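Enquirer: next come a sequence and a model predicted from it.
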Amino acid sequence: MLLTTALPVFVALTFEWGLNGLHLAWEWRKSRATYQRVGKQLDQTQKALEHEVDTKDSRKLSLQQMCEEWKQAYLQNHELGRKTGAWKLPLWRVVLKIGAVALLVLTLCLVLDPIIGQYILSDAMRWLLYACLTLGVGVLYASHAIKAWDRPTTEQLFAQKATIFRSELPREEPRAIAALPPSPAEGNGHQRGEMAPDRNRAAPAAAA
């Protein structure tokens, strides 16, 4: 009776202990798999982070180099602009251009007067039309010219920049040319040239 009563209890306790062990083993395997997976992800993330850091450093270095190049270019151009500058056109030239444009429009109106006279018979109306046209075109061109003279664009400043003339370089002394064997034609000339000093030396001797 004791065995009959204790056996089911022993089996139940053993089965519960086995299920608990199996549950713990399953949880341990799940935890190990999760640890391995997270460890691989951590390694990959660290490598990606290192790659991004290297990329950031290289990009930062390239940006610094570009910034230095821009600064040097700016300083060079600023120094060049300070030396050369730009010539501002005198106002009388602007006024002369405005007058030339107005005169050109008036001349064109006078040239076309025979054709316009066929449609507008009144002389006063024609002259009024010519005056209005000349004055309007002249005022429009004057406003544009004065604005360009007062606030020139970069293209105008570049076109009106001063010119830097180079200073004359010191002349180099002529180098000695290596003596070449004279040709037959030059040989006669050398012989004649050598005879002349002999005659010149002989003349003082004769005078003595």
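Expert: Sure thing, it's come through. Fair warning: this is a prediction, and the values are worked out from it, not measured in the lab. Numbering: from 1, shown residues only.

Enquirer: all helices of the protein, in order?
Expert: Across the chain, reading from the start of the chain, the helices by DSSP state H fall at 2-84, 91-111, 113-117, 123-150, 154-159, 184-207.

Enquirer: same for the third one, what does it pack against?
Expert: So that's helix 113-117. Under the contact criterion of 3 or more CB pairs under 8 Å, 6 or more residues apart in numbering; DSSP states H and E, helix 113-117 touches helix 123-150. All C-beta atoms are positioned from the backbone trio N, CA, C, and that covers glycine.

Enquirer: please name the nearest non-neighbouring residue to Leu135.
Expert: Excluding the flanking residues, the one nearest Leu135 by CB to CB, 6 or more residues apart in numbering is Ala102, at 7.7 Å.

Enquirer: what separates that neighbour from Ile146, distance-wise?
Expert: To Ile146, Ala102 is 14 Å away according to CB to CB, to the nearest Å.

Enquirer: the two: who's more crowded?
Expert: More neighbours surround Ala102 than the other of Ala102 and Ile146, with 19 against 14 (other CB atoms under 10 Å).

Enquirer: dump the residue contacts of the more buried one.
Expert: 134-135, 137-138, 141 (CB atoms under 8 Å, 6 or more residues apart in numbering).

Enquirer: just give me the closest of those to Gln76.
Expert: Proximity of the contacts of Ala102 to Gln76, judged by CB to CB, is greatest for Tyr141, which lies at 37.7 Å.

Enquirer: give me the distance between Leu63 and Glu50.
Expert: Taking CB to CB as the measure, Leu63 and Glu50 are separated by 20 Å.

Enquirer: correct me, but Ala142 touches Ile98?
Expert: Yes. Contact between Ala142 and Ile98 holds when scored by CB atoms under 8 Å: they sit 4.6 Å apart.

Enquirer: domain assignment for the protein?
Expert: Following automatic domain parsing, one gets these domains for the chain: 7-82, 86-156.

Enquirer: so which of those is the most surrounded?
Expert: domain 86-156 (a mean of 13; mean count of other CB atoms under 10 Å).

Enquirer: and the end-to-end length of it?
Expert: Counting by CA to CA, to the nearest Å, the length from the leading to the trailing residue of domain 86-156 is 9 Å.

Enquirer: related to what we said a few turns ago, could I get the contacts of Ala102 as JSON lines with distance to Ala162?
Expert: Shown next, in JSON lines, are these (distance: CB to CB, whole Å):
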{"residue": "Thr134", "distance to Ala162": "36"}
{"residue": "Leu135", "distance to Ala162": "37"}
{"residue": "Val137", "distance to Ala162": "33"}
{"residue": "Gly138", "distance to Ala162": "31"}
{"residue": "Tyr141", "distance to Ala162": "27"}
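
Enquirer: nearest to Lys161 among those residues?
Expert: Set against Lys161, the nearest of those by CB to CB is Tyr141 (24.9 Å).

Enquirer: mind listing what the closest one touches?
Expert: Tyr141 makes contact with 97-98, 101-102 under the criterion CB under 8 Å, 6+ apart.

Enquirer: go on, Leu91?
Expert: When the contact criterion is CB under 8 Å, 6+ apart, the partners of Leu91 are Trp149.
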